[in-house]
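Peer 1: how would this look folded up:
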Amino acid sequence: MLRPATDSDRDQVLSWRNHPAVRAVSLTTHEIQPAEHAAWWASHGGDVLIYEEDGVPAGVVIFNGSTWSFYLDVEGLGRRLLPAWMRLEQEAVEYAFGTLGLETLGGETLEENKQVLALHRRFGFRETRRYERLVDGVPKTVVWTERAK
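Peer 2: A predicted model of the protein is given here:
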């Protein structure tokens, strides 16, 4: 289930963002400090949704126009990570095309994040372009994937 994030979710989302496994495949790889996260949270307030697995917060989905991204509670989900990941992606796609009324949905994934790229393909996303982007000062290849309603 996706629900709007509240300020009480802020610190938990920071711990998910800062998990080494999440940072390793993110567009922000440095450890995010509380003040930086608070500024990000304030600027993304209405765009953040919390994904709940069996009633427990387990991930976050961020929509910015027709662009999306997500993180999961890698440590908390353990062996339930892959099924949760699939449910999160299904719910995010339904939310984008249903609740938000989007016609297309796209996002950036690092080229080396093969698992997420495979999951996106499974949900009908297709690669439309690749480009270089500095990720904490290091050039990385980013794959843009998108799908239509």
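
Peer 1: list the contacts for the residue nearest to Leu105 when sequence neighbours are not counted?
Peer 2: Closest residue to Leu105 apart from its sequence neighbours, by CB to CB, 6 or more residues apart in numbering: Ala96 at 4.5 Å. (C-beta placed from N, C-alpha, C; glycine too.) Shown in contact with Ala96 (CB atoms under 8 Å, 6 or more residues apart in numbering): Phe63, Ser66, Trp68, Leu102, Leu105.

Peer 1: could you redo the last one with a cut-off of 10 Å?
Peer 2: By CB atoms under 10 Å, 6 or more residues apart in numbering, the contact list for Ala96 reads Val61, Phe63, Ser66, Thr67, Trp68, Leu102, Glu103, Thr104, Leu105, Gly106, Arg147, Lys149.

Peer 1: so after the strand or helix carrying it, what's the next helix or strand?
Peer 2: Using DSSP states H and E, Ala96 maps to helix 81-97. Downstream of helix 81-97, the first helix or strand assigned by DSSP H and E is strand 104-110.

Peer 1: angle of that following strand against helix 81-97?
Peer 2: Strand 104-110 and helix 81-97 are oriented at 140 degrees to each other (axes from the mean of the first three to the mean of the last three CA atoms, to 10 degrees).

Peer 1: what separates strand 104-110 from the chain centre, distance-wise?
Peer 2: Strand 104-110 sits 10 Å away from the centroid of its parent chain (CA atoms, centre = their mean, to the nearest Å).

Peer 1: for the helix holding Ala96, which positions count as buried?
Peer 2: Applying a neighbour-count criterion of 16 or more other CB atoms under 10 Å, one finds Leu81, Ala84, Trp85, Arg87, Leu88, Glu89, Glu91, Ala92, Val93, Tyr95, Ala96, Phe97 buried in helix 81-97.

Peer 1: would you confirm that the last one contacts Thr104?
Peer 2: Yes - with the criterion set as CB atoms under 10 Å, Phe97 and Thr104 qualify as a contacting pair; they are 9.2 Å apart.
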